[in-house]
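K.L.:
Output the structure for:
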Amino acid sequence: MIRDWPLMQNNITKEDLTVLIEFLQKEPILTQSNNVSAFEEEWSNWLGVKHSVFVNSGSSANLLTLAALKQMRGEEEGEVIVPPFGWVSDIAAILQCGMKPVFADINPRTLCLDGEEITRKITAQTKAVLLVHAQGFNGLTDGLLKVLKENDIPLIDDVCESHGATFRGEKLGKFGV
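P.N.:
Here you go, the predicted model:
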């Protein structure tokens with residue numbers, strides 16, 4: 001028997017839509033404006049970080065993060081550990097930066113990369129771990145953070161699906177780059 005398993009339900013109210021429509025009818029500047037800067041600052045305060053930079057999509061965010069890491073660390077190629085359960089754009093960003101995606105299995109309880117699997121996949125070529133916190137779940141563990149720190153491997157902490165989820169009482173998104 002096949003059962004429906006709803007992954008989400010819409011929580012946007014009619015009141016939310018009314019406010020949005022009224023705002024958009026004023027023909028606001030939606031990019032690179034004071035509103036964006038103010039929202040970045042408000043978001044940073046909420047998250048508990050110094051700075052946030054908004055871009056047009058999660059795909060662009062991952063691409064820019066990988067490109068910045070390569071530039072900052074002076075690396076031309078290498079491997080990025082990534083989950084097989086995610087978006088093709090995660091893999092595309094890795095390939096676009098001239099790096100190789102290395103798939104590590106997920107934890108079936110959290111739907112996020114499994115820390116032990118990540119540890120098994122780490123090599124001298126590992127340049128980053130792209131941890132996608134799927135569907136509101138936290139994928140972090142103290143053990144994983146310790147292994148990444150010991151190996152000087154940056155964590156790309158992708159929380160596009162899990163804003164507000166926490167680890168040790170802190171919001172996800174502030175543990176990596």
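K.L.:
Mind splitting the chain into its structural domains?
P.N.:
If you go by automatic domain parsing, the domain ranges for the chain are 12-54, 55-171.
K.L.:
now the helices for this structure?
P.N.:
For the chain, the helices defined by DSSP state H occupy 14-25, 34-47, 58-73, 88-96, 115-121, 142-150.
K.L.:
which other helices and strands contact the third one?
P.N.:
Contacting helix 58-73 under the criterion 3 or more C-beta pairs under 8 Å, 6 or more residues apart in numbering; DSSP states H and E are the following elements: helix 88-96, strand 126-132, strand 155-158. Quick note: C-beta positions are derived from backbone N, CA and C, even for glycine.
K.L.:
what residues does the second one touch?
P.N.:
It stands for strand 126-132. Residues from elsewhere that reach strand 126-132 (C-beta atoms under 8 Å, 6 or more residues apart in numbering): 62, 66, 69-70, 73, 75, 78-83, 85-87, 90, 94, 99, 102, 112-113, 118, 139-140, 148, 151, 153-158, 160-161, 176.
K.L.:
could you redo the last one with a cut-off of 6 Å?
P.N.:
Residues outside strand 126-132 that contact it (C-beta atoms under 6 Å, 6 or more residues apart in numbering): 69, 75, 78-83, 86, 90, 113, 118, 139, 153-156, 158.
K.L.:
Which among the residues you listed count as buried?
P.N.:
69, 78-83, 86, 90, 113, 118, 139, 153-156, 158 (16 or more other C-beta atoms under 10 Å).
K.L.:
remind me which residues of this structure are low pLDDT?
P.N.:
Counting by pLDDT under 70, the chain contains low-confidence ranges at 1, 5, 7-8.
K.L.:
hey, what's Val129 bridged with?
P.N.:
Residues in a beta bridge with Val129, per DSSP bridges, are Ile81, Leu155.
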